[in-house]
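S.K.: Quick one, structure for this:
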Amino acid sequence: MKRFFAAIKDRISGKEVRMARFVGLMALFAILALAYGWQILRFRNHFGLHDWDFTFFLHQYWHIAIFSFKQVPLWNPYICGGMPFIGRPDVSVLPFPIIFVSLFGVMAGLRIMALFYIFLAMTGMFCLCRFFRIKTLPAMIASIIFSMNGCFALRVMAGHLGWLSAAYLPWIFLFYLKGLKKARYVFLSSVFLAFTALEGSHILIFTAVFLSVFSFLYSFQQKTIRPLLALALALMFCVLFSGPKLFPMIEMMSRFPRLTDAGWAVPLGNLYDIFLERAQQDNLFQRFIKNTAWWEIGAYVGLVPSVLFVLSFKMIKKQWPLLLTAVFILLIGLGNFSGFAPWTVLHSGPVFSNMHIPTRIFIVFVFLLSLLCGLCLNSFAPRGGGREVFLRNAFLIALFCFVAWDLSAVNSAFFGEKFFSRLNVLRKPLFKENAFFQVELPQQYHSLFGATTGVFAQILQNHGVVDGYEAIPVERNAVPYSGPDYRGEFHLLGSSGNVSQSYWSPNKLIFHYDIPYPDLLVVNQNYDKNWRTFPPKMVKSHEGLISVELDPADRGIILYYLPYSFVLGVFSFFTGVLGWIFFNKAGLEWQEGRVPLEKGRGMD
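M.R.: Model (predicted):
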């Protein structure tokens, strides 16, 4: 028998063994993610509470624009009378939602995608821990702490799927650190950074703050500016790669700012409720902090990770950049507790002035806490022989099982029956290409199926909702079909002739007309400066609606929506791709000394 196993061992290379272990671990993580989120799959075809209806609406529109109209969804005529779409901070332009929605429908697809992101967070944290030379069991514990934390669970429960882009954090940090040795990895870090921008939400700016603080401290520790140079390179390529989304988003935020005050501070006594209180569902119905919804605050990790985080300060001599970064991020999350609080200072600058809830950054703190837990457990290495190693591994396995049970028992409860509508949709909702017109929903439909809005059902009928829920402060000038001033979805202001519409789509409208003298065509959608025409004419606002002067000699006109910020973003994307190809072809690498890059030389 010994000869048999020896022969097998001789035939299998070390690389194959490592690959088999890796595949086995990935399979284990997939099983853990499925076990953790099985109730998400159970209710995959049910309406969700809170913002799920609006999330369905946004992703359904992506699918409609691409597959029904063969267009990039630049303009959304289905909400508030029409508004820019691709620049929305809460809209993902990555292919993952489109793939999952196309395969499984918008309801089941988005729920299955949520499990995919949980798995992505788990595997990313494991790979990051292994880069830190953390052994397998401590790395697995850190992985489940991050992927099963309360921030993710609460966001899924509320329908805020954009926040799941925090699953990219381990991958961003991993390739950033690898990029300090080999510069080509910095570009991979920038790709995952760009993913956070393309997903929307606040994760990009929070990640930039975290990396900036860590890079500064790590540069000071290592007595080199290379971490800062690597960060600058990663951010530069992130901006270039994410341009098609980032540039329209910057334009939209500058046109429709949501300026807020610095807000409130988190009472220290509530830190227990946020990170340690197991009765998280009870917290949903209380308002500890300025009447703020609990999914903006809660971040349950449990007792064991909290204790390990405190114990990790024993590594302060070696890991002080990581520890101080975690403390700084925690202080940001505590909010406006003084005039010199980190959040207060940041809020006085750009981007942060549009934010009003500091605790949203706790997801980054939980990421750092998870990594530090892995480092802490790894530091308790046995000094003796086989028995001590066996006892340590047995303890770590028991700890892994306890932490997984605790996080599942508390956080996966948010995927249960009480957080989903009892209405089960047995088939994929289908889009009907009816004639488009604007409607106004009665007040009782504003909370359809327990959600904050009822726009999802309307978009399936090709109806725009002028009074739908919208956090972005856009003007609403379109007139609903039932309104006394309704004159159709288009009309001639002077009624001097006839006008007809031969083509309608979200980004493009084609009209034919027969008029004896110049007149004004008015379209029942909100005016936006990025509407253009062919033949070229000036598009202007008429009582807040799209309008254009018609010339009797033309007989027809095409209106189309094309923001220059999107065109510039597409150009920046291809510039980034060409730049990446150049760096790789040229073989540029770090060198010792002041010059950061030089051909053919690497970092020791």
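S.K.: Now do the contacts for residue 217.
M.R.: Taking C-beta atoms under 8 Å, 6 or more residues apart in numbering as the definition of contact, the neighbours of residue 217 are 320-321, 324-325. The C-beta positions use only the backbone N, C-alpha and C, and glycine is treated the same way.
S.K.: Scan these and report the most crowded one.
M.R.: Across the contacts of residue 217, the neighbour count under other C-beta atoms under 10 Å reaches its highest value at residue 325, namely 24 neighbours.
S.K.: in which helix or strand would I find it?
M.R.: helix 316-333 (DSSP states H and E).
S.K.: nearest to residue 184, of the contacts of residue 217?
M.R.: residue 321 (23.5 Å; C-beta to C-beta).
S.K.: what separates that closest one from residue 343, distance-wise?
M.R.: Using C-beta to C-beta, to the nearest Å, one obtains 21 Å as the distance from residue 321 to residue 343.
S.K.: so residue 258 makes contact with residue 473?
M.R.: Yes. Contact status for residue 258 versus residue 473: in contact at 6.5 Å, counting by C-beta atoms under 8 Å.
S.K.: Pull up the overlap in contacts between the two.
M.R.: When contacts are counted by C-beta under 8 Å, 6+ apart, residue 258 and residue 473 are jointly contacted by no residue.
S.K.: Tell me which residues of the helix holding residue 325 come out buried.
M.R.: Along helix 316-333, the positions that meet the burial threshold by neighbour count (16 or more other C-beta atoms under 10 Å) are 319, 321-323, 325-326, 328-333.
S.K.: Can you name every helix or strand that that helix contacts?
M.R.: Secondary-structure packing of helix 316-333 (3 or more C-beta pairs under 8 Å, 6 or more residues apart in numbering; DSSP states H and E): helix 203-222, helix 342-347, helix 362-379.
S.K.: For that helix, give me every contacting residue.
M.R.: Contact partners of helix 316-333, identified using C-beta under 8 Å, 6+ apart, comprise 209-210, 213-214, 217-218, 220-221, 266, 309, 312-313, 315, 341-343, 346, 358-362, 364-365, 368-369, 371-372, 375.
S.K.: rewinding a little: for the helices and strands packed on helix 316-333, give me CSV that also has distance to residue 549.
M.R.: CSV is the format used below for the helices and strands packed on helix 316-333 (distance: least, C-beta to C-beta, whole Å):
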stretch, distance to residue 549
helix 203-222, 41
helix 342-347, 45
helix 362-379, 51
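S.K.: so which of these gets nearest residue 548?
M.R.: Judging these by C-beta to C-beta, what sits closest to residue 548 is helix 203-222, at 36.9 Å.
S.K.: Off-centre distance for that closest one?
M.R.: 20 Å (C-alpha atoms, centre = their mean, to the nearest Å).
S.K.: Next SSE downstream of it?
M.R.: Toward the C-terminal end, the helix or strand that comes next after helix 203-222 (DSSP H and E) is helix 226-241.
S.K.: Which positions within that next one qualify as buried?
M.R.: Within helix 226-241, the residues scored as buried using 16+ other C-beta under 10 Å are 226-231, 233-235, 237-241.
S.K.: Likewise for stretch 68-83?
M.R.: The neighbour-count criterion (16+ other C-beta under 10 Å) identifies 69, 71-83 as the buried residues of stretch 68-83.
S.K.: That one: end-to-end distance?
M.R.: Distance between the boundary residues of stretch 68-83 (C-alpha to C-alpha, to the nearest Å) amounts to 19 Å.
S.K.: Could you pull up the mean pLDDT of it?
M.R.: In this model, stretch 68-83 has an average pLDDT of 93.
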